Structures are given as C-alpha cells and as structure tokens.
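Novice: Sequence first, predicted model second:
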Amino acid sequence: MVARRPTALAAGIVLVLEAVGLVLLHIVLAKLLAGQRMSLDGLDPDLMVTATWVMGAVLGAYVALCGVLLVLLGVRDRPPGRAVRLLLISCAITHGVLGALTVGLVGWAAFAYMMVVLGLIVASLVLYAPESPEPAPPAGRGGVAAA
C-alpha cells in the first residue's frame, strides 16, 4: 500500500496539533470559569476549575498519545499491535461522539473537521489492518489421512 504511510503520518500530526488545541481550550475555559465565581447546583467553583484543568490535561495527553502512536506507525510502516489498535479505535469513537456534539454546539465547520480527523484515523486503521491468514486446505475424504 502506497498511501498508508502518508495517511498515518498526516493523522498523527493532526492529532498532536489537536491535542495542543484541546489543552489551550481547557486553559481558557478554566480561566473563564475561575473569573465568574458562580456555583452550579451547589458545586464548589474551585472544584469545577480544577476539574477543567484536569480534563484538559487528560484529554490532551490521550489525543497526543494517539497522535504519537500514529506517527510511529507511519514511520515504522508495520501493523500496530492489539493494544495500539484498541487505543486508536477508542480515539476514533471519541472523535465520532465529539463530532456529533460539535455540530450542535459549535457548528458545521467544527463537525467537518472532526469527521476529517475521524476519517484519517479509520483510514489508518484499515490500511494497517492485519493480514488474514491463508485458509487451511480442505481435509481429504474419509476422515483419517493415510500415514
């Protein structure tokens, strides 16, 4: 496959850049939340600020890890192991869910971006799919083979 290396590299670079954007977005959200000093149903405002910081760090690290793994996948040009495949599948699912949320909250442009990233992740997974083993030859008739 000729297109699998550039696809994995592009997906990895986009995910690393997206991770930086997610962290910056959560930093802005935490600063805005800290400046308002409002309580939501009795929750401590400081707890909400801390949770926003933590969520930004965790989500950014998760997306950055997926991006780095995709870059390594493109550089090595070998199919990923089971754990990496599961992590990338969960990243694709996360992007699908976030894409569905962004269409209503942010708009169609953000939805289109999320779907492009989802497509890059899925394309990388499909292009690096493990090869299926050759089927076993059919057994001879009569049950037990002659020795």
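Specialist: Cool, got the structure. All values reported here derive from a predicted model rather than from experimental measurement.
Novice: Go ahead and flag the most central residue of this structure.
Specialist: The residue lying closest to the centre of the chain (C-alpha atoms, centre = their mean) is C91, at 2.3 Å.
Novice: In which helix or strand does V14 reside?
Specialist: Following DSSP states H and E, one finds V14 within helix 4-36.
Novice: chain center to that helix, what's the gap?
Specialist: From the chain centre to the centre of helix 4-36 is a distance of 12 Å (C-alpha atoms, centre = their mean, to the nearest Å).
Novice: Rounded mean pLDDT for it, please.
Specialist: For helix 4-36, mean pLDDT rounds to 94.
Novice: who does that helix touch, helix- and strand-wise?
Specialist: helix 45-76, helix 108-127 (3 or more C-beta pairs under 8 Å, 6 or more residues apart in numbering; DSSP states H and E). C-beta coordinates here come from the backbone N, C-alpha and C atoms, glycine included.
Novice: related to what we said a few turns ago, show me what contacts the residue nearest to the centre of the chain?
Specialist: L15, Y62, V63, C66, I121 (C-beta atoms under 8 Å, 6 or more residues apart in numbering).
Novice: same thing but 6 Å
Specialist: For C91, the contacting residues are C66, I121, by C-beta atoms under 6 Å, 6 or more residues apart in numbering.
Novice: For it, report the pLDDT, please.
Specialist: According to the prediction, C91 has pLDDT 96.
Novice: Show me which parts of the helix or strand where it lies are buried, residue by residue.
Specialist: Element membership for C91, per DSSP H and E: helix 82-105. Across helix 82-105, burial judged by 16 or more other C-beta atoms under 10 Å covers 84-85, 87-88, 91-92, 94-96, 98-99, 102-103.
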